[in-house]
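[1] Sequence first, predicted model second:
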Amino acid sequence: QFKLIVENPEKPVAPGLQVKAFVEYYPDRIENLEDKLVLLVEDEVVDIPLLGLIPCCCLEIESEIDFGEVIRSNKVITKEISIANRGSSSGSFKISYDGIVLLNITPTNGLVKPKSQRTIKVDICTDVPRIIKEVMKVHLQGHGCIEVWIKAVVVEQVLKVLGPSCGKVLECINFGSVYFGTSKMEHISLYNDSPASMDWVAVLEDNAIGGEMGTDLQRSTDAVLHDLSLSKRHADVSTLILCTPDHGTLQPYEKSLVTLCFSPEKLKGDLKVNDSSLKQDYVLFLRFEVVGNRDGDLFAHLLLCLSNAGNHPHHVSLALTGSGLPVMITFSPAPEINFRDCYLGEQTQVLCTLKNDSESLPVTFSFRKTAHFNISPEKGKVKKQSAKDVVFSFSPRQIGTFKVKQIVDIIGTGVDKNNLHTLKTISFHQLYLSLVGVCKSKRKKILFTVNPGITPVISNASGRFVVDGTEKCTDRTSLAIQCTDTAPVAILKSNQTQIHTHQINRSCKGDELVAFPNDRAASIRPSEWNKKYRTIFTKTERYNYIDPEFTYTDCERLSKEAHKKYYADFISGLRQRRLEKDAARQFYIHNDPVSLGIKPVEGLKSPKISITDFRKKKPQFTLLPLDNNCLLTSQKLATITSKSTAEETWSCLNPTPSSTQEKEHCSLTLTHKQLHQIFIGPSTLDFGSVCVYSTTTKELHIINNLLVHIWIQIEIEIEELQETSPLSQVVPPLTKTSIPIVFETATLGLFKRSFSYKINNQHVGHVLVVANAVPIELELSARELILNPIPGCLAETEFRATVRVHNPRNHPAGFTWKAVTTDRKPAFSIRPARGCVEAYSDLECEVVWHPGFNSPETGEFILSVRKGNAVNLKCFAKVKCKK
């Protein structure tokens, strides 16, 4: 089968030349051959082996497919494996699998071309936690059967609440006793104990079983029930607990620090003041949920989420306990503290006792500064059930009666709005005291001595007597006195006296002042620049020395006056503009441009209002804002869900955003808190047992609890769900709608596939579709039927009985009765002989036995279902023999 083609040289081959030889191979059977060529070079023999190989395939496949650790997400995940052909001819393969864990293996058989590879896809469903370790058999041409192991670990997405320092699982946080108006902070760690990232949100359960809202647990049961019957307390629970952050994303096996702040506020009720509960105990439950998990039926899930459902792998509850206390501090004496009368420069004191009646908490106080009163100590701390002495001092700085309100600040810690992870010192409570004190003036006795000569009523010729205060004494000579820091100067108005006035000085102005001769001590001091002084007798202008170092220059005086005038004009202008604005506002209010030409109220009659004119107003629901610092609460979510489900819309929804508002809303990137208020489900659509070639529909519910439009887009690439429509909808705010998911298959067996959807073309979710495709089937009420004669009838009459044909499937089933033939003529008949049974319905068939000579008493029919099963029915005629 080998052929050598060569021309051997007759002469030696010169250097640099070559001799070519060709070997041809012609196989005549499927067999590998071996041979050799003999090359003679001078005296040497060289053997060249020849191999003749038949073309064949060489298939290879990996022995394991490892999905690794995945979370339970009701999603079908796919992994690929390759079959490589390293041979020179195509090779075939065939995959067989007998289990139920592996959903889809495609393709299960085929050919692999030489020097190429074929990709095999293997699907598993992550609907339940389990360990998958399955084997599939791969038959490769030329290698026989190879086992390929498929491994995976499906785990729950677990969220844990841990202590920040100890790392242990926390079930309860006790804030202890906290004053109303203050805050107390605790820290926890959220831990993602799963191999995939998760989005979480915090929800406060304000209607959970076992929760308490401001109840004094130390009181008797009858007292608490009596208070609840008197008044139902209303409080916004979201303000009691502040969770920072209240939503976020955790990477696999990541911890995140969360700050919880307890800020109790005194509940306002209809209870009497003296009967109000001093202590208010709170028991709340904070639930951390994984965003996007909607297990089972949607409304069952809503009820589960809005009730106290305990811990679940997808959410964990943390109990929060704490008590709110009022400030119980008393002053003695109080509320008015009276001081003894004192004189200017003196001081009186009153000892006051501060008593803290609280059994749990100390009190930190601080007195605000008040004029004429001093308090020692101004700040301090009073331990629980103890007292502290405080000294109030009255040190007046002017004469009069003082009655002031002293503010006492109670200091505590509150939330810093700029940094929600820290607390700041605040004044959360204030007490008021009334301080009353009287300051009296001392009277001074002034002794006057006789001074010969001309002396005014008030004299200080030698400076021996200094009169405090400014007194004015007016007689027929109109005397006055000016007091300065150095010495008083006696002056007299010159226009009211003409005693000894010189003739040349009689024309002096009336506003010029006359100096007495006993004011020499102050005659050369700087005086006012615009006033002139003259002597008392001759009215001669006095000389006054003006020191340039202590007096204003003309420029300085002008600047000072201009400065005063500037501010006076500024204040006057503000007042004028304010008055003009008020006048304009009043003008527009009272000046109506439309004049009806009638007098007010003249001729007008009150309209008659019927009860039909009043439209029923829809109940207003408290809506959640899109973004705030308050927690989501289960009661608020239930209220909004009730509002949304009441506004159910089945049609007339736009497939794409059309208006400007819809386009703006549908382009928003939603937060985890907003996504948690959108319900799309159920997450598993279980069609149950459905017939092949039948069409079954289930609703995918969409509830939009937000105040904006959302755009839902469904992406379906599954052949069995291609009849689903519509695939896109714009859902208005606070609206519930649904999309019919249509399932139709022609393949028997278990069906599990998932499709995805998008919210606002950004946020992705998944829905699992489960169905069991079964053939068309009919059932009989009995496999054996006994026909008895009718009482009162002759024996020769017909025997009759009925059998019920039941269709348990979702598709109409056509049937035909066929009698089983024997050697004897059949005596049984059945009507109707053919027909159709609608889905989930019954049909009665009547069997008749015709008695006759040599009629068989037994018979058999076959119920043949079109494209379905076949059932046998045996009939027996019970004939009574005559005696």
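    Ah, there it is.
[2] wait, doesn't residue 685 sit right on residue 754?
    No - counting by CB atoms under 8 Å, residue 754 is not a contact partner of residue 685; they are 9.8 Å apart. In this view, the C-beta of every residue, glycine as well, is placed from N, C-alpha and C.
[3] Mind jotting down where the strands sit in the stretch 551-700 of the chain?
    For the stretch 551-700 of the chain, the strands defined by DSSP state E, counting those that start in this stretch occupy 632-633, 678-681, 684-691, 696-704.
[4] quick one, which of those strands is nearest to residue 655?
    Nearest of these to residue 655, taken as CB to CB: strand 696-704 at 13.7 Å.
[5] who touches the closest one?
    Contacts to strand 696-704, defined as CB atoms under 8 Å, 6 or more residues apart in numbering, come from residues 298, 641, 644-645, 678-682, 685, 687, 690, 710, 712, 714, 729, 731-744, 767, 771, 810.
[6] try it again with 6 Å
    Strand 696-704 has contacts (CB atoms under 6 Å, 6 or more residues apart in numbering) with 298, 644, 678-680, 685, 687, 690, 710, 712, 731, 735-743, 810.
[7] what's the answer for stretch 128-142, then?
    Residues from elsewhere that reach stretch 128-142 (CB under 6 Å, 6+ apart): 57, 59, 61, 72, 91-97, 99, 101-102, 145-156.
[8] same thing with stretch 165-175?
    160-161, 163, 184, 186, 262, 319-322.
[9] export these to a markdown table and tack on pLDDT, secondary structure and distance to residue 560?
    As requested, those are exported to a markdown table (pLDDT from 0 to 100; DSSP: H, G, I helix; E, B strand; the rest coil; distance: CB to CB, whole Å):
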| residue | pLDDT | secondary structure | distance to residue 560 |
| --- | --- | --- | --- |
| 160 | 91 | strand | 76 |
| 161 | 92 | strand | 72 |
| 163 | 89 | coil | 71 |
| 184 | 92 | strand | 59 |
| 186 | 92 | strand | 63 |
| 262 | 91 | strand | 61 |
| 319 | 91 | strand | 73 |
| 320 | 91 | strand | 67 |
| 321 | 91 | strand | 69 |
| 322 | 91 | strand | 64 |
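[10] From those, pick the one nearest residue 66.
    Residue 66 has its nearest neighbour among the contacts of stretch 165-175 in residue 160, at 26.8 Å by CB to CB.
[11] distance of residue 198 from residue 697?
    To residue 697, residue 198 is 33 Å away according to CB to CB, to the nearest Å.
[12] Quick check on the two: which one has the bigger neighbour count.
    Ranked by neighbour count (other CB atoms under 10 Å), residue 198 and residue 697 place residue 198 first, with 25 against 12.
[13] Is that one in contact with residue 191, as I believe?
    No - between residue 198 and residue 191 there is no contact under CB atoms under 6 Å: 10.7 Å.
[14] how long is stretch 666-676 from one end to the other?
    Start-to-end span of stretch 666-676 (CA to CA, to the nearest Å) is 17 Å.
[15] what residues does that stretch touch?
    199, 201, 247, 291, 657, 706, 709, 711, 760.
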